[in-house]
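K.L.:
I would like the atomic coordinates for the input below:
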Amino acid sequence: MTYGYEHIERGGGESMPIVPRRDLLRVDVRESESGVLVLAPIGEVDVSTADLLRDATRAAVEAAPRCLVIDLAGLTFCGSTGLVVLMDARRDAEAAGVQFGTASGPPIVRRVLEITQLGPVLHHCETVDAALQELNA
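P.N.:
Purely as a prediction, here's the structure:
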């Protein structure tokens, strides 16, 4: 697998590369003096953009902040691939001793977290401030 690309299997064993659509997603990073990183993905998280969010979460965990919060307020879509990235980010953060949470999000994203029952698993809060308070940041 080439870094930054994924492949979809077609019938007959062919695979078709998926070119990352970086025009559909950007990730803003805010850092506080108290050792808190807030990642704010803006746009769509799907199979064509997930690597951008995955790279940002991995870099954030490697920076070893005290807390990492992913602010979902700017998302317009979060597919199953995006949920996997969030779950991986939680796992990586916890393995590195970094407190992790997610916050906010438009109704469609909150509904996906509710249906999948991932809100509690991702330590989801209504606001970034509430997430920081819950994480004692």
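K.L.:
how far away is Val61 from Cys67?
P.N.:
The gap separating Val61 from Cys67 is 11 Å, by CB to CB, to the nearest Å. Every C-beta, even on glycine, is put in place using the N, C-alpha and C of the backbone.
K.L.:
same thing with Leu52?
P.N.:
Counting by CB to CB, the gap from Leu52 to Cys67 is 22 Å.
K.L.:
quick one, what contacts Asp88?
P.N.:
By CB atoms under 8 Å, 6 or more residues apart in numbering, the contact set of Asp88 is Arg54, Thr57.
K.L.:
mind checking how far the one helix or strand it maps to is from the chain centre?
P.N.:
In the assignment (DSSP states H and E), Asp88 maps to helix 80-95. A distance of 7 Å separates the C-alpha centroid of helix 80-95 from that of its chain, computed with CA atoms, centre = their mean, to the nearest Å.
K.L.:
can you pull the pLDDT of Ser34?
P.N.:
Ser34 is assigned a pLDDT of 87 by the prediction.
K.L.:
Tell me how many other residues surround it.
P.N.:
Using other CB atoms under 10 Å, the number of residues around Ser34 comes to 10.
K.L.:
Provide the secondary structure category for it.
P.N.:
Of the three states, Ser34 takes coil according to DSSP: H, G, I helix; E, B strand; the rest coil.
K.L.:
and if you look at the one 10 residues further on?
P.N.:
Recorded secondary structure, Glu44: strand (three-state DSSP).
K.L.:
follow-up on the earlier one: okay, the helix holding Asp88 in PDB with CA atoms only?
P.N.:
The C-alpha trace of helix 80-95 is given here as PDB (Å, rounded to 0.1, in the frame of the first residue of the first chain):
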ATOM      1  CA  SER A  80     -17.600   4.800   9.100                       C
ATOM      2  CA  THR A  81     -14.000   5.400   8.100                       C
ATOM      3  CA  GLY A  82     -14.000   8.600  10.200                       C
ATOM      4  CA  LEU A  83     -15.400   6.700  13.200                       C
ATOM      5  CA  VAL A  84     -12.500   4.200  12.800                       C
ATOM      6  CA  VAL A  85     -10.000   7.100  12.800                       C
ATOM      7  CA  LEU A  86     -11.600   8.500  16.000                       C
ATOM      8  CA  MET A  87     -11.500   5.100  17.700                       C
ATOM      9  CA  ASP A  88      -7.900   4.600  16.700                       C
ATOM     10  CA  ALA A  89      -7.000   8.000  18.000                       C
ATOM     11  CA  ARG A  90      -8.600   7.200  21.400                       C
ATOM     12  CA  ARG A  91      -6.700   3.900  21.500                       C
ATOM     13  CA  ASP A  92      -3.400   5.500  20.600                       C
ATOM     14  CA  ALA A  93      -3.900   8.400  23.000                       C
ATOM     15  CA  GLU A  94      -4.700   6.100  25.900                       C
ATOM     16  CA  ALA A  95      -1.800   3.800  25.100                       C
END
